[in-house]
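Q: coords below, sequence missing:
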């Protein structure tokens, strides 16, 4: 495989920072399935790149070399930790980066950032004007001209794998137990010269192999900025909303495990779901353009029948109508500026967007801006805010 030079050696200017990304999750899987998954990750997402890239890797929060990781996997047998974490950043080898030490030295000294123009972004909305915020959101929810220009990062490939064994809970009606987890992977479009086709097929084949191991598998393949999660997941990931006096429903590990894993986490160009989830969607809607269905032994691809590079927000809204009932459901809070970055990337409905006004000056000092955003699916119970401190504004 021929790669272009790493993006950090671009000409001190913003680049098209699109990455090809994979996000998958699973639930209630057995030891032997996770062992087989780890071996597949080792072969297809580590060994595949070792000749051309320098890795900075951790296993279970400890630094590890590629060689030692392979030895560890070869001798792991049936002895799995109840928590497993594998994380790496990798950069394309070059004359100036040929060892892990040189890679880490580059990052720590931030040499690649020298002479960059870090001018502040000018916004097309007023952070302190509710009407300006509303108008910008409404006008850009279906924006098809999404901009991926940004400064490059010192990473050409990234991987994050996490899983944890969940014990059977005798105090609940849920009999699910086993390994729950996720994997994310991204590769820079810059080093591919934005020719994504080979790795789209490569990652799709990887998902098929995972589907032969994991019956609960859900996965998305998509083109976006470097992300550990899908954009949809970032909007509805069911994280506690802290330090805002918001009374959410009791969130606990078991609730999150059964509402975050084993469900689809995004609406993207390539979406893989388990046979169980496929049985829950309206098959009549699958006949509509632009949807393409591919059925395999343990799972099904429900894809947008276009090149990933040509997919726009209108296509995603079409597919969300089909897949909505098998998506994760949750809520999350966002800084207004942060939230605006999702517009045109995620098919979100107007009723899922709440603009929260901060009424109390002391609270505003802590939160910086006058407004923040809560995104919430309609299936999630209402979030109660202290009316003396906050006021909720619906988008319309």
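A: Thanks, I have the structure now. This one's a predicted model, so the numbers in the text were calculated from it and none came from an experiment.
Q: any idea which helix is longest in the protein?
A: helix 197-213 (DSSP state H).
Q: in it, what counts as buried?
A: Residues of helix 197-213 classed as buried: 199-200, 202-204, 206-208, 210-211, 213 (neighbour count, 16 or more other C-beta atoms under 10 Å). In this view, the C-beta of every residue, glycine as well, is placed from N, C-alpha and C.
Q: between these, which is closest to residue 4?
A: residue 199 (13.3 Å; C-beta to C-beta).
Q: right, and that closest one touches residue 187 too?
A: Yes - the pair residue 199 / residue 187 is scored as a contact, 5.9 Å apart, by C-beta atoms under 8 Å.
Q: Are there residues contacting both of the two? Which ones?
A: residue 20 (C-beta atoms under 8 Å, 6 or more residues apart in numbering).
Q: Now do the strands in the stretch 251-396 of the chain.
A: 270-274, 291-295, 299-304, 331-335, 353-358, 371-376, 384-385, 390-394 (DSSP state E, counting those that start in this stretch).
Q: For the stretch 51-200 of the chain, which residues score under the pLDDT cut-off?
A: For the stretch 51-200 of the chain, the stretches flagged by pLDDT under 70 are 78, 109-121, 168-176.
Q: Could you pull out the strands in it for me?
A: Under DSSP E, counting those that start in this stretch, the stretch 51-200 of the chain gives strands at 53-59, 62-64, 83-92, 149-150, 157-166, 178-188.
Q: doesn't residue 154 make contact with residue 188?
A: No - applying C-beta under 8 Å, one finds residue 188 not in contact with residue 154, separated by 10.7 Å.
Q: Overlap in contacts, these two.
A: Joint contacts of residue 188 and residue 154 (C-beta under 8 Å, 6+ apart) are residue 6.
Q: more crowded one of the two?
A: Neighbour count, other C-beta atoms under 10 Å: between residue 188 and residue 154, residue 188 has more, with 26 against 19.
Q: any idea how far that one is from residue 194?
A: 10 Å (C-beta to C-beta, to the nearest Å).
Q: and what of residue 62?
A: In this view, residue 62 and residue 194 are 36 Å apart by C-beta to C-beta.
Q: neighbour count winner among the two?
A: Just comparing residue 62 and residue 194: by other C-beta under 10 Å the higher neighbour count belongs to residue 194, 14 against 9.
Q: That one contacts residue 17, correct?
A: No - using C-beta under 8 Å, residue 194 makes no contact with residue 17, being 10.9 Å away.
Q: Point out the most buried one among the strands of the stretch 51-200 of the chain.
A: strand 178-188 (a mean of 23; mean count of other C-beta atoms under 10 Å).
Q: Direction included, what does that one pair against?
A: strand 19-29 (antiparallel), strand 157-166 (antiparallel) (DSSP bridges).
Q: ok now it, how far from the chain's centre?
A: With C-alpha atoms, centre = their mean, to the nearest Å as the basis, strand 178-188 stands 9 Å off its chain's centre.
Q: so what's the closest residue to residue 50 other than its chain neighbours up against?
A: With C-beta to C-beta, 6 or more residues apart in numbering as the criterion, residue 50 has its nearest non-adjacent residue at 5.9 Å, and that residue is residue 66. Residues counted as contacts of residue 66 (C-beta under 8 Å, 6+ apart) are 46, 50, 55, 57.
Q: Which strand residues bridge the last one?
A: When bridges are assigned using DSSP bridges, the partners listed for residue 57 are residue 64, residue 88.
Q: tally of neighbours for residue 320?
A: 17.
Q: how close does the closest residue to residue 82 other than its chain neighbours get to residue 133?
A: Counting by C-beta to C-beta, 6+ apart, residue 82 lies nearest to residue 165, which is 4.1 Å off, once chain neighbours are set aside. Between residue 165 and residue 133 the computed distance is 44 Å (C-beta to C-beta).
Q: Contact partners for residue 302?
A: 271-273, 278, 281, 286, 291-293, 319, 322-323.
Q: Now, of those, which are buried?
A: By 16+ other C-beta under 10 Å, the contacts of residue 302 give 271-273, 278, 281, 291, 319, 322-323 as buried.
Q: what two of the contacts of residue 66 are the furthest from one another?
A: It's 50 and 57 that sit farthest apart of the contacts of residue 66, by C-beta to C-beta, at 10.9 Å.
Q: Tell me who's in contact with residue 41.
A: 86, 159, 161, 183.
Q: Mind doing that once more with 7 Å?
A: residue 161 (C-beta atoms under 7 Å, 6 or more residues apart in numbering).
Q: Would you mind measuring from it to residue 91?
A: In terms of C-beta to C-beta, residue 41 sits 19 Å off from residue 91.
Q: need the contact list for residue 369.
A: 127, 335-336.
Q: now these in CSV, with neighbour count and distance to residue 299?
A: What follows is the contacts of residue 369, written out as CSV (neighbours: other C-beta atoms under 10 Å; distance: C-beta to C-beta, whole Å):
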residue, neighbour count, distance to residue 299
127, 14, 44
335, 15, 36
336, 21, 38
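Q: Just give me the closest of the residues you listed to residue 378.
A: residue 336 (22.0 Å).
Q: Report whether the expected contact of the closest one with residue 374 is present.
A: No - if you go by C-beta atoms under 7 Å, residue 336 and residue 374 don't touch, sitting 11.3 Å apart.
Q: Overlap in contacts, these two.
A: In contact with both residue 336 and residue 374: no residue, using C-beta under 7 Å, 6+ apart.
Q: If anything else comes up later, I'll come back, but that's it for now.
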